[in-house]
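Participant: Output the structure for:
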Amino acid sequence: MNVQDIMMLIDAIAPFSSQEEWDNSGLLIGAPYDPVQNILFALDVTDPVIHEAIMRNASLIVTHHPLMFSPRRRITEDDMEGRLIRQLIRHGISLISAHTNLDRAPGGVNDALALQCGLLNISGEGFFRNGSLPELLTVRDYADQLASSLSCAVRIMGPSDRIVTRVGVSSGSGGDLWAEAVEAGCNVFITGEMKHHIALSAADAGLVVLECGHYATEYPGICALAETLQKTLNQLQCNLGIYLSEVPAYSFFQQP
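Facilitator: Residues are numbered from 1 along each chain as shown. Next comes the predicted model:
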């Protein structure tokens, strides 16, 4: 298999043509006919992720978040992104990113998040999903469940003793979609990040927001993509190695 083969398989799962016009999904580093040995899936490209790819003999990294959101005039090691690009090229590692196309795809980030949040009867499209819980829970009890299932801290914006009736989800920086949750009859909305003034508007509309962090709400999606691609490769009887990055979230930050 080569890079173009993997691109086509991912495109069948989350068409690159469906990405937002400001996005930068697709093949970002490498050549279509470069051979692929193993593939490492990660939410972001970081120094530890590149090191992990080298250790796993992975010639391709597939991420959710792209590099080069903004145009670059030069690629030097004066900044983090330039350094990462040079490392990837130096070690012959290709990079494919599936960002907003994976966010909105059936079975993509938001569907995976809804399942990880324990929702049933999931509906919705684009960057929003909603569903019901299998049992009656207070917001506090549900937040505790989410903290465990998503491995994150949960910030409750609203009354914690309210009974959860219907839940809306929008991963990452999806806080702006709170109105879709209200329209869908939700009284709880899960997202990664929400700005203060938007949270005030959501609260005024009677919506309790559970802010779970950007990484925690998007990581299920990259796991789902890796799993779907693995099933496809199994059907094709291809023994390509598929790995999920074991680098902990934000491990590149200096610990106190």
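Participant: if I look at the residue nearest to residue 142 when sequence neighbours are not counted, how far off is residue 177?
Facilitator: Once flanking residues are discounted, residue 142 sits nearest to residue 164: 5.1 Å by C-beta to C-beta, 6 or more residues apart in numbering. Bear in mind the C-beta positions are built from the backbone N, C-alpha and C, glycine included. Here the distance between residue 164 and residue 177 works out to 18 Å (C-beta to C-beta, to the nearest Å).
Participant: circling back to that earlier point, quick one, what contacts the residue nearest to residue 142?
Facilitator: Contacts for residue 164 were tallied using C-beta atoms under 8 Å, 6 or more residues apart in numbering; they are 133, 136-139, 142, 187-188.
Participant: check contacts around residue 74.
Facilitator: Residue 74 is in contact with residue 82, counting by C-beta under 8 Å, 6+ apart.
Participant: Also residue 49?
Facilitator: Residue 49 makes contact with 40, 42, 61, 63, 245, 247, according to C-beta under 8 Å, 6+ apart.
Participant: Just to be sure, which of those residues are found in strands?
Facilitator: Residues of these located in strands (DSSP state E): 40, 42, 61, 63.
Participant: Could you check what's spatially nearest to the second one, not counting adjacent residues?
Facilitator: What it means is residue 42. What sits nearest to residue 42 in space, not counting adjacent residues and going by C-beta to C-beta, 6+ apart, is residue 245, at 3.8 Å.
Participant: Which strands or helices does the helix or strand where residue 234 lies pack on?
Facilitator: Mapping residue 234 onto the secondary structure by DSSP states H and E places it in helix 214-235. Here helix 214-235 touches helix 3-13, strand 38-42, strand 58-63, helix 100-104, helix 109-116, strand 241-244, going by 3 or more C-beta pairs under 8 Å, 6 or more residues apart in numbering; DSSP states H and E.
Participant: Tell me which of those approaches residue 80 most closely.
Facilitator: Taking C-beta to C-beta as the criterion, strand 58-63 is the member of the helices and strands packed on helix 214-235 that comes nearest to residue 80, at 14.5 Å.
Participant: Residues touching the helix or strand following that closest one, excluding its own?
Facilitator: Per DSSP H and E, the first helix or strand lying C-terminal to strand 58-63 is helix 80-90. For helix 80-90, the surrounding residues in contact (C-beta under 8 Å, 6+ apart) are 29, 45-47, 50, 61, 67-68, 72, 74-77, 93-95.
Participant: Report the angle between helix 80-90 and strand 58-63.
Facilitator: Calculated by axes from the mean of the first three to the mean of the last three C-alpha atoms, to 10 degrees, helix 80-90 forms an angle of 150 degrees with strand 58-63.
Participant: Give me the average confidence score over helix 80-90.
Facilitator: The average pLDDT for helix 80-90 rounds to 97.
Participant: quick one: buried residues of it?
Facilitator: By 16 or more other C-beta atoms under 10 Å, the buried positions in helix 80-90 come out as 82, 84-85, 87-88.
Participant: tell me which residues of the helix or strand of the chain with the lowest mean pLDDT are tucked away?
Facilitator: Least confident helix or strand, the chain: helix 196-204 with a mean of 94, by mean pLDDT, DSSP states H and E. Along helix 196-204, these residues count as buried under the neighbour rule (16+ other C-beta under 10 Å): 198-199, 202.
Participant: Can you lay out those as CSV showing distance to residue 104?
Facilitator: Formatted as CSV, the entries for the buried residues of helix 196-204 read as follows, by distance: C-beta to C-beta, whole Å:
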residue, distance to residue 104
198, 20
199, 24
202, 22
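Participant: hang on, residue 153 packs against residue 215?
Facilitator: No. Here residue 153 does not reach residue 215: they are 11.2 Å apart, not a contact under C-beta atoms under 8 Å.
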